[in-house]
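Trainee: below is the sequence, then the predicted model.
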Amino acid sequence: MKAAQVICETMIKQGADIVFGITGGAIMPLYDQLYDYKDKIRNIVVRHEQGALHMAEGYARACGKPGTCLATSGPGSTNMLTGIMDAYMDSVPLVAMGGQVATGLIGNDAFQETDMMGLTLPITKHSFQLRDPNETAATIIKAYKIANTGRPGPVYIDLPKDIQNAEVTKPIPTDVEIKTYKPTIEPNPLQLKKAAQLVMKAERPVILAGGGVIISNAHKELFKFAESLWIPVATTTMGKGCFPEDHPLSLGVTGMHGTEYANWTMINTDLLIAVGTRFSDRVTGDLKSFQEGKKIIHIDIDPTEIGKNVKVHVPIVGDSCRALEGIYKIIISESVKHKYKDSEWNKKIKELKELCLAAENEYFEREKLNTPFILHELNKLLKDTDIVCTGVGQHQMFGEHFLSRKNPRTWITSGGAGTMGFGLPSALGAKLAVPEVNVFDIDGDGSFQMTAKEMATAKENNIKVVPMIMNNTYLGMVRQWLEIFYEKRYSGVGYTANPDFVKLAEAYHLSGLSVTKKSEVLPALKKAIAEKETFLLDFHVDPEENILPMLPPGKGLKDIIGGKVIFKQSWKKK
């Protein structure tokens, strides 16, 4: 076999059934072989390599299998960097392969030569450059194994064109051992016992669940553990959906634009049980004030995250599933059950939650069409298994705040990198991973336009999603910051030449509706869901609506502004 054929054979054995990408001179040998494997590997040709990476991310996040994407050398591969970085920040398993000039030309500044090994080093779990055709299969196996074990992440493989065409004389191995790669899966029993003791002694415990709970499929163990003692659960943006948000213990999302009551618990708890989260600045705010008055248990499979941002009293390195199950068994063995159900702590949280939710009804009663109202209407139609993807901006934060999700892998967003343009391509990837559910892309007019060309990919491949554009003619989140912190000096945020998004959809041989009134929202959503093809909805929302409450930059959670019940600080409008 040629190495290119070995790549295809090995990808199939690793479970890859879809590749996203664009061909070109340096990757053409591999694409030529894909022609013979079209019954086993679906080849999705995108309109931009960034779109390919986000589709692979959406696919991986929706089904848990690594995504696979391809590009040619030079600009083809460098166009993948944003998506690789996004996957790295959010621990998304994927394998990205880029064509490279022939080995004899590497280092000679040949046509479309780029040092992808150097560029990808800081934003991948590992990078390979294939130099020996007989190492082809082993390299592919290692890449998928590294991408999808331990803390997941992206792996890049550089494929010189002459190696792709070279003959392979060794058989394809069934598995390859990576002797230096041994992630810790089993948590330390002594640490589990220490954690259980802290939990049983606490008066005001709260669980902070991050994306690691979803990645490790630990949502059932989290639910069982939380209910065993009746401990409230807040999530990070990446953890949304790992605990049912209609459950009385759910606090929703915490952090910069989280719910007031979730942030109140972060401030007032005496024991924070953090699972699969890296304590991002968007969650903690000022680190010193975040840590005041509380002890912290931190469960994470990546030992480098524990103690990196906050001081931890009980560190537990290992798989979240096994750690939560281990602590649960110790607590149950002590015959402790529902310890906090009737506690003053939970009574106070319940009271605050009810007050905050009642205050939010004001959004739905406003005369102008606004994003919270649209999401409120979408909640009426969403099934528990439906998937919501987002772009990045105000609409994303409105989504985490006002959309209710019950199941893991039904909320897909760009967290660590905050990549505008993520929404539409990730929705397409998610739909290909789970074709039987409805997939929505909640987007902004700014974010959507960055990858709007992937509407062509939707049409060409008959991928049905529902893009929902919150069209406020601004880069909304930046505008909000300029209003609050820069005396309303709107510099570089207004979009005066937005396209007619419905006509844009029609240009891609698709359809859509423009929505300007609250009464039109529910019928438009129902029509979009009923359509057989991608159907775009352009919602003309209040241009100056803000997502509040909000954590000011450099401040602690106590300094949140714009709250309606607990954090009532406001800002001086100019």
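Mentor: The structure has been received and is ready for your questions.
Trainee: what does the helix or strand containing residue 198 contact?
Mentor: Secondary structure assignment for residue 198, by DSSP states H and E: helix 189-201. The contact list for helix 189-201, computed with CB atoms under 8 Å, 6 or more residues apart in numbering, reads 205, 229, 231, 271, 273, 295, 297, 299, 313-316, 323, 326-327, 330-331, 334, 336, 339. Bear in mind the C-beta positions are built from the backbone N, C-alpha and C, glycine included.
Trainee: list buried residues within those residues.
Mentor: With burial judged by 16 or more other CB atoms under 10 Å, the buried subset of the contacts of helix 189-201 is 205, 229, 231, 271, 273, 295, 297, 299, 314-316, 323, 326-327, 330-331, 339.
Trainee: could you export stretch 41-55 as CSV, CA atoms only?
Mentor: Output of stretch 41-55 as CSV, limited to C-alpha atoms (Å, rounded to 0.1, in the frame of the first residue of the first chain):
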residue,chain,number,x,y,z
ILE,A,41,-15.5,7.8,5.2
ARG,A,42,-17.8,10.7,4.4
ASN,A,43,-15.8,13.5,2.9
ILE,A,44,-17.3,16.9,3.8
VAL,A,45,-15.7,19.6,1.7
VAL,A,46,-15.9,22.9,3.5
ARG,A,47,-15.5,26.5,2.4
HIS,A,48,-12.7,27.5,4.8
GLU,A,49,-10.4,25.4,6.9
GLN,A,50,-11.4,27.2,10.1
GLY,A,51,-14.9,25.9,9.4
ALA,A,52,-13.5,22.3,9.0
LEU,A,53,-12.0,22.5,12.5
HIS,A,54,-15.1,23.9,14.1
MET,A,55,-17.2,21.2,12.4
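Trainee: centre of the chain to that stretch, how far?
Mentor: Distance, stretch centre to chain centre, for stretch 41-55: 18 Å (CA atoms, centre = their mean, to the nearest Å).
Trainee: picking that back up, can you flag which of the buried ones among the contacts of helix 189-201 belong to strands?
Mentor: Among the buried ones among the contacts of helix 189-201, DSSP state E puts 205, 271, 273, 295, 297, 299, 314, 315, 316 in strands.
Trainee: quick one: pLDDT of residue 435?
Mentor: pLDDT recorded at residue 435 is 98.
Trainee: okay, buried residues for stretch 217-233 please.
Mentor: For stretch 217-233, a neighbour-count test (16+ other CB under 10 Å) marks 218-219, 221-223, 225-233 as buried.
Trainee: and if you look at stretch 107-124?
Mentor: 112, 113, 114, 116, 119, 120, 123, 124.
Trainee: which of the residues you listed lies closest to residue 520?
Mentor: Comparing the buried residues of stretch 107-124 against residue 520 with CB to CB places residue 123 closest, at 42.8 Å.
Trainee: these two touch, right, that closest one and residue 153?
Mentor: No. Residue 123 lies out of contact with residue 153 (CB atoms under 8 Å); the separation is 9.1 Å.
Trainee: overlap in contacts of these two?
Mentor: With CB under 8 Å, 6+ apart, residue 123 and residue 153 have common neighbours residue 88.
Trainee: now residue 330: how far from residue 195?
Mentor: 8 Å (CB to CB, to the nearest Å).
Trainee: so what are the domain limits for this protein?
Mentor: Using automatic domain parsing, the domains assigned to the chain come out as 3-165, 189-351, 369-544.
Trainee: export these to CSV and tack on distance to residue 178?
Mentor: Formatted as CSV, the domains of the chain follow (distance: least, CB to CB, whole Å):
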stretch, distance to residue 178
domain 3-165, 6
domain 189-351, 16
domain 369-544, 26
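Trainee: nearest to residue 554, out of the ones you listed?
Mentor: domain 189-351 (6.7 Å).
Trainee: that closest one: end-to-end distance?
Mentor: 37 Å (CA to CA, to the nearest Å).
Trainee: may I have stretch 19-29 as CSV, with CA atoms only?
Mentor: Written as CSV, here are the backbone C-alpha positions of stretch 19-29 (Å, rounded to 0.1, in the frame of the first residue of the first chain):
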residue,chain,number,x,y,z
VAL,A,19,-13.4,14.0,7.5
PHE,A,20,-13.9,17.7,7.2
GLY,A,21,-11.5,19.8,5.0
ILE,A,22,-10.4,21.2,1.7
THR,A,23,-8.0,19.6,-0.7
GLY,A,24,-4.9,21.1,-2.4
GLY,A,25,-1.6,20.1,-4.0
ALA,A,26,0.2,18.9,-0.9
ILE,A,27,-2.7,16.8,0.5
MET,A,28,-3.9,15.5,-2.9
PRO,A,29,-2.5,12.0,-2.6
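Trainee: now do the buried residues in that stretch.
Mentor: Neighbour-count burial for stretch 19-29 [16+ other CB under 10 Å]: 19, 20, 21, 22, 23, 24, 26, 27, 28, 29.
Trainee: check contacts around the residue sitting nearest the centre point of the chain.
Mentor: In the chain, the residue lying closest to the centroid (CA atoms, centre = their mean) is residue 413, at 3.8 Å. With contact set as CB under 8 Å, 6+ apart, residue 413 has these partners: 237, 238, 240, 389, 390, 392, 396, 399, 400, 422.
Trainee: what about residue 261, neighbour count?
Mentor: 25 (other CB atoms under 10 Å).
Trainee: so it is in which element?
Mentor: helix 260-268.
Trainee: which elements pack onto that helix?
Mentor: strand 205-209, strand 233-235, strand 250-253, helix 344-359 (3 or more CB pairs under 8 Å, 6 or more residues apart in numbering; DSSP states H and E).
Trainee: show me what the third one is packed against.
Mentor: With contacts taken as 3+ CB pairs under 8 Å, 6+ apart, strand 250-253 sits against strand 233-235, helix 260-268, helix 394-402.
Trainee: so what secondary structure elements neighbour the least confident helix or strand in the chain by mean pLDDT?
Mentor: None of the helices or strands of the chain scores lower by mean pLDDT, DSSP states H and E than helix 361-365, at a mean of 88. If contacts are counted by 3+ CB pairs under 8 Å, 6+ apart, helix 361-365 sits against helix 371-381.
Trainee: got a list of contacts for the helix it packs on?
Mentor: Contacts for helix 371-381 (CB under 8 Å, 6+ apart): 360, 363-364, 366, 394-395, 398-399, 401-404, 440, 442, 468, 470, 518, 521-522, 525-526, 529, 539, 541, 545.
Trainee: who does the following helix or strand past it touch, helix- and strand-wise?
Mentor: Once helix 371-381 ends, the next helix or strand along the chain (criterion: DSSP H and E) is strand 387-390. Other elements packing on strand 387-390 under the criterion 3+ CB pairs under 8 Å, 6+ apart are helix 394-402, strand 411-412, helix 423-433, strand 439-444.
Trainee: quick one, the third one and strand 439-444 angle?
Mentor: Going by axes from the mean of the first three to the mean of the last three CA atoms, to 10 degrees, helix 423-433 is angled at 170 degrees with respect to strand 439-444.
Trainee: export helix 423-433 to PDB, keeping only CA atoms.
Mentor: The C-alpha atoms that make up helix 423-433 are tabulated as PDB, following Å, rounded to 0.1, in the frame of the first residue of the first chain:
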ATOM      1  CA  GLY A 423     -21.600  28.600  15.900                       C
ATOM      2  CA  LEU A 424     -22.600  27.600  12.400                       C
ATOM      3  CA  PRO A 425     -19.800  25.100  11.500                       C
ATOM      4  CA  SER A 426     -20.000  23.500  15.000                       C
ATOM      5  CA  ALA A 427     -23.800  23.000  14.500                       C
ATOM      6  CA  LEU A 428     -23.100  21.300  11.200                       C
ATOM      7  CA  GLY A 429     -20.600  19.000  12.800                       C
ATOM      8  CA  ALA A 430     -23.000  18.200  15.700                       C
ATOM      9  CA  LYS A 431     -25.800  17.400  13.300                       C
ATOM     10  CA  LEU A 432     -23.600  14.900  11.400                       C
ATOM     11  CA  ALA A 433     -22.700  13.300  14.700                       C
END
